[in-house]
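Chemist: Coordinates for the following, if possible.
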Amino acid sequence: MARSTRHVVLADDHDLVRAGILGLIELLPDVEVIAQARSGEELLALLEHVNPDLVVTDIGMPGVDGVEAVTRIRARHPSMPILVLSMFDSAEVVQRAVASGANGYLTKSAAPQELQHAIGVMLETGSYFNAAIARLLMHRVEALGDDGLTDRQKEVLSLIASGLSSKEIAYQLSLSSKTIDVHRARIMERLGLRDIASLTRYAVRRGLVKP
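Modeler: Below you'll find the model as predicted:
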């Protein structure tokens, strides 16, 4: 008896990257990408109307970021497999994604064949973590603060979320604007976020600023 086609929803804010991933997925037998999203909001809206066998999503997307989207998907669809495909390979980001409900995690530096393998495994077993990601999951993240942020990083984050510019933050903290820009870049990398709106929402959720 022929196997039924398994359905995948794909989310990534870069059109070229998403097209490449789409092409790799659709080379797999009996697998079809039935919907695509450019943001967390689009992904959540799609899942109100389709019920895929697997969600493949980036983390660093504008608007609702991938981790928040995973959290909401898991709340609404407890058994839906979710594979995070991200450029971020830090223990903090991987552990955040899995804690939010991801069943699998793969970095975009992986070989195309591994992505295809991961999707096949996810569709069969519901989870996929290679040896490198498994080590990151077991890594003890240094307790510097919420999600590994230092006290200074949390201070900078709260000021960014309050709407201050780098120059204004630098003046308030007696630092240079360049130093503030470095802090912001490191905060984004550590949290797996890409824009100020996502940083602001994160800061509000963590109670670093009032909504």
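Chemist: And the helices in this structure, which stretches?
Modeler: Along the chain, counting by DSSP state H, helices occupy 15-25, 40-46, 66-76, 91-100, 112-125, 131-138, 151-161, 166-173, 177-191, 196-205.
Chemist: so can I have TSV of the ones you listed showing mean neighbour count, distance to residue 7 and mean pLDDT?
Modeler: Heads up, the C-betas are built off the backbone N, CA and C, glycines and all. Conversion of the helices of the chain to TSV gives the following (neighbours: other C-beta atoms under 10 Å; distance: least, C-beta to C-beta, whole Å; pLDDT from 0 to 100):
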stretch	mean neighbour count	distance to residue 7	mean pLDDT
helix 15-25	15	11	96
helix 40-46	19	11	93
helix 66-76	21	15	89
helix 91-100	21	22	85
helix 112-125	16	10	96
helix 131-138	14	25	88
helix 151-161	19	38	87
helix 166-173	16	44	89
helix 177-191	17	31	87
helix 196-205	18	28	79
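Chemist: With distance to residue 8 as extra columns, can I get the ones you listed in CSV?
Modeler: Shown next, in CSV, are these (distance: least, C-beta to C-beta, whole Å):
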stretch, distance to residue 8
helix 15-25, 6
helix 40-46, 12
helix 66-76, 14
helix 91-100, 18
helix 112-125, 7
helix 131-138, 20
helix 151-161, 34
helix 166-173, 40
helix 177-191, 27
helix 196-205, 25
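Chemist: what about residue 11, neighbour count?
Modeler: 26 (other C-beta atoms under 10 Å).
Chemist: what bridges to it?
Modeler: Beta bridges link residue 11 to residue 37, residue 57, judged by DSSP bridges.
Chemist: hmm, back to that, closest to residue 5 out of the helices of the chain?
Modeler: helix 112-125 (10.7 Å; C-beta to C-beta).
Chemist: Now do that closest one and helix 15-25, the angle between them.
Modeler: 60 degrees (axes from the mean of the first three to the mean of the last three C-alpha atoms, to 10 degrees).
Chemist: among the helices of the chain, which is nearest residue 106?
Modeler: Comparing these by C-beta to C-beta, helix 112-125 comes nearest, at 5.1 Å.
Chemist: and the closest residue to residue 31 other than its chain neighbours, what does it touch?
Modeler: Counting by C-beta to C-beta, 6 or more residues apart in numbering, residue 31 lies nearest to residue 6, which is 5.3 Å off, once chain neighbours are set aside. Each residue near residue 6 by C-beta atoms under 8 Å, 6 or more residues apart in numbering is listed here: 30, 31, 32, 53, 54, 123.
Chemist: what about the second one, neighbour count?
Modeler: Just to be clear, that refers to residue 31. Around residue 31 there are 18 residues (other C-beta under 10 Å).
Chemist: Am I right that it is in contact with residue 25?
Modeler: Yes. Contact criterion C-beta atoms under 8 Å: residue 31 and residue 25 qualify, at 6.0 Å.
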